[in-house]
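Undergrad: Need a 3D model of the sequence below.
(one chain, ligands or ions: 2)
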Amino acid sequence: MEGTLVMGCSSCHDRAAKLFKNRSKGTMYHGDLTIKDEPFSIMNVVKQGVFWSVHLACLAVIWVGFSWVAFAVCIALYVIRMFAITGAYHRYFSHRSYETSRWFQFVLAVLGTTAAQKGPIWWASHHRHHHRHSDTEEDIHSPIVHGIYFAHIGWVLSSQFIEPRLDLVKDLTKYRELRILEKYNVVPAILLGVATFFLGVYLQHAFPTLGTNGWQMLVWGFFVSTVLLYHGTFCINSFTHLIGKRRFPSTDHSRNHWLLALITLGEGWHNNHHYYPGSERQGFYWWEIDVSHYILKTLSWFGLVWDLRVPPARVYEAAGKLT
Ligand SMILES: [Zn+2]
Ligand SMILES: [Zn+2]
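TA: Ligands and ions are numbered 1, 2, ... in the order given. Have a look, this model is predicted:
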């Protein structure tokens, strides 16, 4: 199915390649390195420093204290950005499981970058690679092959996967605005952090009884929310190939788990998804809660997205036929 996704003109691809060239010479995974090979890269040291600093910043809750409004913003930004990862980065940019306009595609892309999980081109390219090689030696985050730590977090911190796999995302790199956003993908996340701080400052003065302030809102609304978002997303790479039930005879170890589906707005129906990745909805039955699907369905009523693809009858006929 993903072969149909790899399209685009060669000059667009060349321009995209130029955009990314020399950013980390020698660190791109070409398939000729083993997962355990770790070329040294200054860029990777910086990336790891930022990643762990965001985690350490959460400890500041000890000093900034708690308020319900800061906690509510933390949860709201988790849900909005989890949708951006699942509904946009995953179901749209990685799998093109529905259609949208070019301007709304860009809105979805910008929303995704606020999750601080790099740009849609990088994200989609590595995810498409995961589907092509799921739970084989080539799969960069298979818990079966490389262990749960590497699947959850190790590959994110690896120096091998800093660059996108441009050959897998030619349909995305043909858009100039996506290439530019990819280059400056940290900017929207930084702006969101600044915005949470000033929201807290505003609320402190306009509604002092709420008991919040700039620093408290920054820590809860941005840092805690972002770390929860990281690990919610990473659970899909690690746990959904280890725990839960299998309904479909996919060629990997993917599984369905209701709790993982709840915390990731529907991504926990991972066995469904691996068996038929072209479907926009990942809960294939009405009782499989899939919040991202409900949001996309609602957006379709307003004409913002359309052609939401569903599993064909032959997929449902394969349910339960595991042998
Ligand atoms: Zn998977
Ligand atoms: Zn997928």
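Undergrad: can you tell me which residues contact the most centrally placed residue in the chain?
TA: In the chain, the residue lying closest to the centroid (CA atoms, centre = their mean) is Ile85, at 4.0 Å. Contacts for Ile85 (CB atoms under 8 Å, 6 or more residues apart in numbering) come out as Gly112, Ala115, Gln117, Trp123, Leu229, Thr233. The C-beta positions use only the backbone N, C-alpha and C, and glycine is treated the same way.
Undergrad: Tell me the pLDDT of the nearest residue to the second one once chain neighbours are set aside.
TA: Nearest residue to Ala115, sequence neighbours excluded (CB to CB, 6 or more residues apart in numbering): Arg81, at 4.3 Å. According to the model's per-residue confidence, Arg81 sits at a pLDDT of 98.
Undergrad: In PDB, could you pull the C-alpha coordinates for whichever strand or helix holds Arg81?
TA: If you go by DSSP states H and E, Arg81 is part of helix 68-83. This file holds the C-alpha atoms of helix 68-83, laid out as PDB (Å, rounded to 0.1, in the frame of the first residue of the first chain):
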ATOM      1  CA  TRP A  68      -6.400  23.200  38.600                       C
ATOM      2  CA  VAL A  69      -6.200  25.700  35.800                       C
ATOM      3  CA  ALA A  70      -2.500  24.800  35.100                       C
ATOM      4  CA  PHE A  71      -3.400  21.100  35.200                       C
ATOM      5  CA  ALA A  72      -6.300  21.700  32.800                       C
ATOM      6  CA  VAL A  73      -4.000  23.400  30.300                       C
ATOM      7  CA  CYS A  74      -1.600  20.500  30.700                       C
ATOM      8  CA  ILE A  75      -4.300  18.000  29.800                       C
ATOM      9  CA  ALA A  76      -5.800  20.100  27.000                       C
ATOM     10  CA  LEU A  77      -2.400  20.600  25.300                       C
ATOM     11  CA  TYR A  78      -1.800  16.900  25.700                       C
ATOM     12  CA  VAL A  79      -5.100  16.000  24.000                       C
ATOM     13  CA  ILE A  80      -4.800  18.600  21.200                       C
ATOM     14  CA  ARG A  81      -1.200  17.700  20.400                       C
ATOM     15  CA  MET A  82      -1.800  13.900  20.700                       C
ATOM     16  CA  PHE A  83      -4.400  14.400  18.000                       C
END
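Undergrad: for that helix, packing partners?
TA: Contacts defined by 3 or more CB pairs under 8 Å, 6 or more residues apart in numbering; DSSP states H and E place helix 68-83 against helix 102-113, helix 186-206, helix 214-217, helix 225-238, helix 291-301.
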